[in-house]
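Student: my questions are about this predicted structure, shown below with the sequence.
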Amino acid sequence: HLQNVMDEDYLYWYSRGLQPILNRTKERNDFILNKVVENNAQRIIDFKNGYFLQESAFYVSRKAGKKSKVDKLNEYLYRSGKQTADNVVADWFHRVGKADLFVESNPDKEIPFKAYALNPRSAFVVYSLKPGNRPLFGVNMVINDQILSVDVYTEQRIFKLGGRAVAKTAIIYPTYDCTASSIEGEWRNALGNIPIIEYRYNSVNMGAFESVIYLLNAINDVQSNRVDGIAQFIQSIAIAVNCEFPEDTTANKIKQAGLIALRSIGENKADFKILSEELDQQQTQTLADNLYDRAMEICAVPTSARQGRGTYDSTGQAAIFNNGWEQAASCARNTEDLFRQSNRYFDEIILSILTTKGLIKDLSVVDFELNFVRNETANVQSKAQAFQTMMAAGLHPELALKKSGLSNDPVADLKMSEKYMKMIWGD
């Protein structure tokens, strides 16, 4: 876990702008040393956060007759703070590769459970190595003045441990070498489940920008050298050939004068030159754009720089594919699948809480699923055409709505539109 914390701490502070370019040095002309941080890591995170959760995720019914109960479940979900916590969870796993959520029962019947996002640098889950990788226990640590307090949750028991934390070097705030030395408390886990749930951005726990860090560093190098080039051009070296200056003339005085008068010595003509070579800004911009485009493409972030490249035109569905939006959608769908997989543990916990309190009955985790909202009006003409084609081919309207992307909640939309559907398509 300590190694994971160090990696996560590096990614966290990198995304906050503390990047290797700030340690830049030069062997020559070190008096011109610009350090430019173009924080594209944060730009990638901001896009991923906004695109993944354009609106709060909510539950949709998978079976007829369950909609009213699922609607009630959504109301409890809203009150619990889970949808707000999801935003923090998404930010964490886009930033460092994983995130942790904590859920607990609440005595208030109006808010029967609460959910909180945890800092993944102080919380983690340990999994079984057996197929299925069922979680074995979850841990949340708190360090105050080098005093360590650890909560360990198994499905049956909760342990409170105490110990010491020794500070180690880190980028900004120290990481700690922690040792738990005593059991300060133990009691039964009334939930019957591990209340710490781990969410991942991808299957290898990499952050959204982690795979392109070297490209992002190269962009910083290019931009820093670019500013250096401009500064060096402005502060060009002066060369005087066969020139005679007054005795009290110094290099600083020549710089301040801006314009000087020269006098030749004998047959040798006086010559005063500015030695300068301006950086080719056009070629530099081409390189910077190429690095940026490659980084965004690898991270599945749309960018206008890709427009016109390849064999696709710049209109309709081709523009959506060519500019990277289709890749962004595919990547988001993969993350959704991983999010749903982790969220099933959350579903089991809250259903257990609601059933024990008698607030919801006859509802199972197979009766609903978590739904993510995308912009339904984007490329709506193509979606409508796909829906009509599927309907004409004999597909069920629910399947046609779902596969065409025309609806985020096919069951609810079909029920609301049932009368109008019959008018057009019949029974």
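Tutor: Looks like it arrived, so ask away.
Student: next up, the contacts around V152.
Tutor: Counting by C-beta atoms under 8 Å, 6 or more residues apart in numbering, V152 touches 137-139, 158-161. Using the backbone N, CA and C atoms, a C-beta is placed for each residue, glycine as well.
Student: before we move on, what about R200?
Tutor: Contacts of R200 (C-beta under 8 Å, 6+ apart): 93, 97-99, 338, 342.
Student: swap the cut-off to 7 Å and go again
Tutor: Residues near R200 by C-beta atoms under 7 Å, 6 or more residues apart in numbering: 93, 97-98, 338.
Student: got a pLDDT number for it?
Tutor: Note on R200: pLDDT of 94.
Student: what bridges to it?
Tutor: In this entry, R200 is beta-bridged to K98, by DSSP bridges.
Student: report the rounded mean pLDDT for stretch 15-28.
Tutor: 86.
Student: picking that back up, report the two of the contacts of R200 separated the most.
Tutor: Spatially, the most separated pair among the contacts of R200 is G97 and L338, at 11.3 Å (C-beta to C-beta).
Student: more neighbours: those two, which one.
Tutor: Using other C-beta atoms under 10 Å as the criterion, G97 and L338 rank with G97 on top: 21 against 15.
Student: nearest residue to that one other than its sequence neighbours?
Tutor: Leaving aside its chain neighbours, G97 sits nearest to N205 (4.1 Å; criterion: C-beta to C-beta, 6 or more residues apart in numbering).
Student: what does N106 give?
Tutor: Spatially, and ignoring its direct neighbours in sequence, N106 is nearest to K114 (5.0 Å; C-beta to C-beta, 6+ apart).
Student: counting neighbours, what do you get for the one you found?
Tutor: Counted with other C-beta under 10 Å, K114 comes out at 16.
Student: what sits against it?
Tutor: Counting by C-beta under 7 Å, 6+ apart, K114 has contacts 80-81, 104, 106.
Student: please name the bridge partners of I158.
Tutor: Assigned bridge partners for I158, using DSSP bridges, are Y153, W187.
Student: can you pull the contacts of it?
Tutor: 151, 187, 189.
Student: quick one: the second one from N119, how far?
Tutor: Here the criterion is C-beta to C-beta, to the nearest Å. By it, W187 lies 24 Å from N119.
Student: okay, those two: which has more neighbours?
Tutor: Higher neighbour count among W187 and N119: N119, with 15 against 9, using other C-beta under 10 Å.
Student: got phi/psi on that one?
Tutor: phi -80, psi 120 (degrees, to the nearest 10).
Student: number of residues surrounding the closest residue to M390 other than its chain neighbours?
Tutor: Once flanking residues are discounted, M390 sits nearest to A400: 3.8 Å by C-beta to C-beta, 6+ apart. As a burial measure, A400 scores 22 neighbours (other C-beta under 10 Å).
Student: for the one 10 residues further on, same thing?
Tutor: For P410, the number of neighbouring residues by other C-beta under 10 Å comes to 20.
Student: closest to I230 out of the contacts of V152?
Tutor: So of these, ranked by how close each gets to I230 (C-beta to C-beta), first place is V139, at 51.5 Å.
Student: element containing the closest one, please.
Tutor: Assigned by DSSP states H and E, V139 belongs to strand 135-144.
Student: same question, Y420
Tutor: Take DSSP H and E as the rule and Y420 turns out to sit in helix 418-425.
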